[in-house]
Structures are given as C-alpha cells and as structure tokens.
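> Give me coordinates for this.
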Amino acid sequence: MSTEAETTVELAVELSCQKCVDKTNTVLSKAEKVSDFKVDLKTQSVLVTSSLPSTQLIDLIENKGNLFRGMDIKTV
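Just a heads-up that it's a prediction; the model follows:
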C-alpha cells in the first residue's frame, strides 16, 4: 500500500491542435503514479492528480510530450 500523498496540479501548456492533446494524453496515461488527468485544448491546460512532484510532471510533458509553457502551476 502506497503512503505517498496525491495532489492535483494545473499546468499551463501549449496545445495547438488535437494531435498535441492526444500526445499529452498518451504520455500521462502511461506515467506511473498519475491517477487522473484532464487535458483541455480550449484552456491550454492539463489538470493532473498524482503523487509525483510537479517538477516530474513538467519533465514528463516537456520531454515526452514536447509541450509546456510553464506560465502557471497551481495546486488545486
């Protein structure tokens, strides 16, 4: 049983098309310790519930999804 606390963070990302959304969905769906997420093209944001630190979530999206604007990271 994991004792790691989960938090929900909202990340500002650059999503120019549905392909960007799909790529981000794929990256997050394969990520360990990500229990829930929502990628929103209209608001250019990703809402992620995870036990990973936000820096690791950013790294996932930047390096595997090739996306991230980093303007706003907030714990929800």
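> outside of the helix or strand containing Cys20, which residues touch it?
Taking DSSP states H and E as the criterion, Cys20 maps to helix 18-30. Helix 18-30 is contacted from outside by 13-15, 34, 37, 39, 41, 46, 48, 60-61, 64-67, using C-beta atoms under 8 Å, 6 or more residues apart in numbering. To be clear about C-beta, it is placed using only N, CA and C from the backbone, and glycine gets the same treatment.
> Go through it and flag the buried ones.
Within helix 18-30, the residues that qualify as buried are Cys20, Val21, Lys23, Thr24, Val27, Leu28, counting by 16 or more other C-beta atoms under 10 Å.
> quick one: average confidence on that helix?
For helix 18-30, the mean per-residue pLDDT is 92.
> Can you show me the helices along this protein?
18-30, 54-65 (DSSP state H).
> Show me the one of those that comes nearest Thr8.
Thr8 lies closest, by C-beta to C-beta, to one member of the helices of the chain: helix 54-65, at 10.4 Å.
> Okay then, goodbye and thanks.
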